[in-house]
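In: no FASTA, just this:
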(Lines give C-alpha, C1' and ligand atoms only; values in the text may rest on other atoms or scores of the structure.)
Protein backbone atom coordinates (compact mmCIF):
# COMPACT_ATOMS: atom_id res chain seq x y z
CA UNK A 1 0.00 0.00 0.00
CA UNK A 2 1.34 3.45 -0.96
CA UNK A 3 1.71 6.26 1.52
CA UNK A 4 -0.62 9.20 1.14
CA UNK A 5 2.41 11.44 0.70
CA UNK A 6 3.28 9.59 -2.51
CA UNK A 7 0.08 10.97 -4.07
CA UNK A 8 0.84 14.62 -3.22
CA UNK A 9 2.04 16.48 -6.33
CA UNK A 10 5.61 17.77 -6.23
CA UNK A 11 4.55 21.39 -6.84
CA UNK A 12 2.43 21.28 -3.67
CA UNK A 13 5.38 20.00 -1.64
CA UNK A 14 7.64 22.68 -3.16
CA UNK A 15 5.11 25.43 -2.43
CA UNK A 16 4.77 24.26 1.16
CA UNK A 17 8.56 24.41 1.58
CA UNK A 18 8.63 27.86 -0.03
CA UNK A 19 5.98 29.18 2.36
CA UNK A 20 7.91 27.76 5.33
CA UNK A 21 11.11 29.44 4.12
CA UNK A 22 9.27 32.70 3.54
CA UNK A 23 7.69 32.55 7.00
CA UNK A 24 11.13 32.10 8.57
CA UNK A 25 12.51 35.00 6.53
CA UNK A 26 9.61 37.24 7.53
CA UNK A 27 10.09 36.38 11.19
CA UNK A 28 13.68 37.66 10.90
CA UNK A 29 12.99 40.94 9.08
CA UNK A 30 9.50 42.20 9.97
CA UNK A 31 8.88 44.36 13.08
CA UNK A 32 7.88 42.40 16.19
CA UNK A 33 4.56 44.21 16.62
CA UNK A 34 3.53 43.10 13.13
CA UNK A 35 4.88 39.55 13.44
CA UNK A 36 2.66 38.72 16.39
CA UNK A 37 -0.43 39.58 14.36
CA UNK A 38 0.13 38.06 10.91
CA UNK A 39 0.29 34.70 9.20
CA UNK A 40 1.64 33.90 5.76
CA UNK A 41 -1.30 32.57 3.81
CA UNK A 42 -0.10 31.80 0.32
CA UNK A 43 2.11 32.85 -2.55
CA UNK A 44 0.82 32.91 -6.10
CA UNK A 45 2.14 34.69 -9.19
CA UNK A 46 4.62 36.77 -7.16
CA UNK A 47 1.81 37.96 -4.86
CA UNK A 48 2.11 37.20 -1.16
CA UNK A 49 -1.14 36.81 0.76
CA UNK A 50 -0.84 37.74 4.42
CA UNK A 51 -3.64 37.20 6.93
CA UNK A 52 -3.88 39.64 9.84
CA UNK A 53 -5.41 38.90 13.22
CA UNK A 54 -6.96 42.35 13.56
CA UNK A 55 -8.03 45.22 11.36
CA UNK A 56 -5.54 47.74 12.73
CA UNK A 57 -2.57 45.61 11.64
CA UNK A 58 -4.27 44.99 8.28
CA UNK A 59 -4.65 48.74 7.78
CA UNK A 60 -1.02 49.32 8.74
CA UNK A 61 0.12 46.61 6.30
CA UNK A 62 -1.98 48.12 3.50
CA UNK A 63 -0.70 51.67 4.01
CA UNK A 64 2.92 50.56 4.36
CA UNK A 65 2.72 47.85 1.72
CA UNK A 66 5.64 49.16 -0.34
CA UNK A 67 7.88 49.16 2.74
CA UNK A 68 7.17 45.45 3.28
CA UNK A 69 7.57 44.63 -0.41
CA UNK A 70 10.99 46.31 -0.34
CA UNK A 71 11.95 44.26 2.72
CA UNK A 72 10.84 41.05 1.00
CA UNK A 73 12.77 41.81 -2.20
CA UNK A 74 16.00 41.04 -0.33
CA UNK A 75 15.17 37.34 0.00
CA UNK A 76 17.04 34.91 -2.24
CA UNK A 77 14.43 32.22 -2.84
CA UNK A 78 11.35 33.90 -4.36
CA UNK A 79 10.20 37.07 -6.09
CA UNK A 80 7.44 39.16 -4.51
CA UNK A 81 5.90 42.05 -6.41
CA UNK A 82 2.75 42.63 -4.38
CA UNK A 83 1.17 41.87 -1.03
CA UNK A 84 -2.53 41.24 -0.47
CA UNK A 85 -3.74 41.63 3.08
CA UNK A 86 -6.72 39.79 4.51
CA UNK A 87 -8.22 39.66 7.99
CA UNK A 88 -8.56 36.30 9.75
CA UNK A 89 -12.19 35.61 10.56
CA UNK A 90 -12.53 33.52 13.72
CA UNK A 91 -16.30 32.95 13.42
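Out: Right, received. Where do you want to start? Remember, it's a predicted structure, so these values are computed and weren't measured experimentally.

In: From here on, just use CA atoms for contacts and neighbour counts.
Out: Fine.

In: which residues of the chain fall in strands?
Out: 38-44, 47-52, 82-87 (DSSP state E).

In: Could you export these to TSV, including columns for distance to residue 25 and mean pLDDT?
Out: Converted to TSV, the strands of the chain look like this (distance: least, CA to CA, whole Å; pLDDT from 0 to 100):
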stretch	distance to residue 25	mean pLDDT
strand 38-44	11	91
strand 47-52	13	94
strand 82-87	15	95
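
In: Can you convert those into a markdown table and add a column each for distance to residue 32 and mean neighbour count?
Out: Rendered in a markdown table, the data for those read as follows (distance: least, CA to CA, whole Å; neighbours: other CA atoms under 10 Å):
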| stretch | distance to residue 32 | mean neighbour count |
| --- | --- | --- |
| strand 38-44 | 10 | 16 |
| strand 47-52 | 14 | 20 |
| strand 82-87 | 18 | 19 |
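
In: ok, for the spatially most central residue of the chain, nearest residue in space, not its chain neighbours?
Out: The centre of the chain sits closest to residue 40, judged by CA atoms, centre = their mean, with a distance of 2.9 Å. Spatial nearest neighbour of residue 40, chain neighbours left out: residue 50 (4.8 Å); criterion: CA to CA, 6 or more residues apart in numbering.

In: same question, residue 82
Out: Residue 82 sits nearest to residue 47 (CA to CA, 6+ apart), 4.8 Å away.

In: Tell me if I'm right that the one you found and residue 85 touch.
Out: No - using CA atoms under 8 Å, residue 47 is not in contact with residue 85; the gap is 10.4 Å.

In: other SSEs contacting the longest helix along the chain?
Out: As assigned by DSSP state H, the longest helix anywhere in the chain is helix 10-29. If you count contacts as 3 or more CA pairs under 8 Å, 6 or more residues apart in numbering; DSSP states H and E, helix 10-29 packs onto strand 38-44.

In: Any chance you could list what contacts stretch 29-36?
Out: 26, 27, 57, 68, 71 (CA atoms under 8 Å, 6 or more residues apart in numbering).
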